[in-house]
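# I'll drop the sequence and a predicted model, then ask my questions.
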Amino acid sequence: MRDNLFYHRIPTHMTMSEKEKLFQLTQELPTQPCIVEIGSYLGASSSFLAMGLKQFSKGGILHCVDTWNNDAMDNIPQKDVYNEFVSNICELVDVIQAHRGYSQDIAATCESSINMIFFDGNHSYEGTLRDWLSWKKYLSVGAVVVFHDWGWAEGVKKVILDEVHPNVSMFDTLPNMWWGYYKGD
Ligand SMILES: C[S@@+](CC[C@H](N)C(=O)[O-])C[C@H]1O[C@@H](n2cnc3c(N)ncnc32)[C@H](O)[C@@H]1O
């Protein structure tokens, strides 16, 4: 059985506190929640979300959305990393469904109401706005909305301040992670 240390060793830019916060946020979700993650890469954040689902006996599913081609990642060449992702999360597959493709295309096929969404895909203003607009129509009232990289990515910060913040009832932050509770349009 893999332990926390194994999952903390998956290469990522996420800090331990950010991964632990994702884990904790799953505790607040209703039973059988639908979680969506945009940008899973090698599975670091995915594994903490999935471990939260299991630890707190929530049931439900984590939908991981990515091209797994290192899209829009500064200084990282395009490369197929899907097998690495699958290998890293293989003990969590009972609560994970992978959706390979562009976020906006996968969003168009969504049939669930979403209880938690974690945005960590394209960090440009256009990419972040496209993701927000593609997915927000599926959010349930009270859904936990999390963005990574708001501390340095100006586009992410602008989308949060202009578009997301007016639609949340409360929010909180870590230096590079922002989350709030969706209250509807
Ligand atoms: C910063 S990484 C995600 C890091 C990951 N959350 C972790 O814990 O390490 C960004 C990921 O988003 C993916 N990505 C970027 N733009 C995308 C898009 N439009 N649709 C789907 N995936 C995208 C990339 O392929 C990459 O795997």
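Thanks, I have the structure now. All of these numbers come straight from a predicted model, not from anything done at the bench.
# Okay, now the sheet partners of the longest strand anywhere in the chain, with direction.
Criterion DSSP state E: the longest strand present in the chain is strand 139-148. With DSSP bridges as the test, strand 139-148 is paired with strand 114-119 (parallel), strand 177-182 (antiparallel).
# Now do the first one: distance to the chain's middle.
Using C-alpha atoms, centre = their mean, to the nearest Å, the mean C-alpha position of strand 114-119 is found 6 Å from that of the whole chain.
# helix or strand right after it?
Toward the C-terminal end, the helix or strand that comes next after strand 114-119 (DSSP states H and E) is helix 125-135.
# near the ligand, which residues of the protein?
When proximity is defined as C-beta under 6 Å from any ligand atom, the chain approaches the ligand at 12, 14, 39-42, 44-45, 65-67, 69-73, 102-103, 120-122. (Glycine included, C-beta is placed from N, CA and C.)
# how about the strands paired with strand 139-148 in JSON lines, adding mean neighbour count?
Below are these laid out as JSON lines (neighbours: other C-beta atoms under 10 Å):
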{"stretch": "strand 114-119", "mean neighbour count": "25"}
{"stretch": "strand 177-182", "mean neighbour count": "21"}
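# Using a markdown table, please lay out those together with distance to Leu53 and mean pLDDT.
Converted to a markdown table, the strands paired with strand 139-148 look like this (distance: least, C-beta to C-beta, whole Å; pLDDT from 0 to 100):
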| stretch | distance to Leu53 | mean pLDDT |
| --- | --- | --- |
| strand 114-119 | 10 | 98 |
| strand 177-182 | 17 | 98 |
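# Would you format those as a markdown table with distance to Ala143 included?
Listed next are the strands paired with strand 139-148 as a markdown table, based on distance: least, C-beta to C-beta, whole Å:
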| stretch | distance to Ala143 |
| --- | --- |
| strand 114-119 | 5 |
| strand 177-182 | 4 |
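# could you pull out the helices for this protein?
With DSSP state H, the ranges of helices along the chain come out as 4-8, 16-25, 44-55, 82-88, 103-107, 125-135, 154-159.
# Outside of the second one itself, which residues are in contact with it?
The contact list for helix 16-25, computed with C-beta atoms under 8 Å, 6 or more residues apart in numbering, reads 7-8, 12, 44-45, 48-49, 51-52, 55, 116, 118, 144, 146, 148, 174, 176-177, 179.
# make it 10 Å
In this structure, residues lying in contact with helix 16-25 by C-beta atoms under 10 Å, 6 or more residues apart in numbering are 4, 7-8, 10, 12, 14-15, 35, 37, 44-53, 55-56, 116, 118, 120, 144, 146, 148-149, 172, 174-177, 179.
# distance of the nearest residue in space to Tyr138 that is not next to it in sequence from the ligand?
Nearest residue to Tyr138 in three dimensions, chain neighbours excluded: Ile114, at 4.7 Å (C-beta to C-beta, 6 or more residues apart in numbering). Relative to the ligand, Ile114 is positioned 16 Å away (C-beta to the nearest ligand atom, to the nearest Å).
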